[in-house]
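# no sequence on this one, just coordinates:
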């Protein structure tokens, strides 16, 4: 494991803005081939923009910047659920940072956080056609426990697997 990896909790406007700016880049690179440009732009504005991130934080979400060798490489967003599980809302790495095992290190961070908080599982949703991410989550030990089609407005649907990892 790389000892230059760290996570930094986003607690100020500058950090939140940096996450929003990186989200726009990552989403346009990664998701346009999967869901199309129109839906990407809608979802970035609705879920990944500075204002939406600020609102999510005000409602109990936590955001962490993923840093490797002082480089801001990605981010994750989480929410502790009332049922004793952790919702992994977002885990994204910029293209140039993939292949450095940063997702693995972020996942280790999340598992440690769950143990510290006495949470039983991590769950997430992932687009059914996001093959690369699905493979990573399965490699980590996530299992598909359900599917969902969520109407997110503007005529767009999120067609996802619901996946879960049990904390041991």
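Looks like it came in fine. Treat the numbers as computed from the prediction; the structure is a model and nothing was measured.

# Nearest to the spatial middle of this protein, which residue is it?
residue 90 (1.4 Å; Cα atoms, centre = their mean).

# looking at this, it is in a strand?
Yes: the assignment for residue 90 (DSSP: H, G, I helix; E, B strand; the rest coil) places it in a strand.

# who's in contact with it?
Going by Cβ atoms under 8 Å, 6 or more residues apart in numbering, residue 90 touches 23, 48, 63, 75-77. For glycine as for every other residue, the C-beta is placed from the backbone atoms N, C-alpha and C.

# OK, contacts around residue 140?
Taking Cβ under 8 Å, 6+ apart, one finds 104, 107, 165 in contact with residue 140.

# Identify the residue nearest residue 87 in space, chain neighbours excluded?
Nearest non-adjacent residue to residue 87, counting by Cβ to Cβ, 6 or more residues apart in numbering: residue 79, 4.5 Å away.

# Residues contacting the host helix or strand of the one you found, please?
Assessed by DSSP states H and E, residue 79 sits inside strand 71-80. Contact with strand 71-80 is made by 7, 10, 18-19, 22-23, 26, 53, 56, 60-67, 86-94, 96-97, 100, 102, 106, 110, 113, 117, 119, as judged by Cβ under 8 Å, 6+ apart.

# which of the residues you listed are buried?
The neighbour-count test (16 or more other Cβ atoms under 10 Å) marks 7, 10, 18-19, 22-23, 26, 53, 56, 61-67, 86-94, 97, 100, 102, 106, 110, 113, 119 as buried among these.

# Please, where are all the helices along this structure?
13-30, 32-35, 37-43, 50-58, 102-117, 131-140 (DSSP state H).

# Give me the mean pLDDT for the shortest one.
Think helix 32-35. Across helix 32-35, the average pLDDT comes to 95.

# and it, how far out from the chain's middle?
For helix 32-35, the gap between its own C-alpha mean and the chain's C-alpha mean amounts to 17 Å (Cα atoms, centre = their mean, to the nearest Å).

# what do you get for the last one?
The chain centre lies 13 Å from the centre of helix 131-140; the measure is Cα atoms, centre = their mean.

# ok, now the longest one?
The chain centroid and the centroid of helix 13-30 are separated by 12 Å under Cα atoms, centre = their mean.

# just checking, what packs against that helix?
Secondary-structure packing of helix 13-30 (3 or more Cβ pairs under 8 Å, 6 or more residues apart in numbering; DSSP states H and E): helix 37-43, helix 50-58, strand 62-68, strand 71-80, strand 85-93.

# I am finished for the moment; much appreciated.
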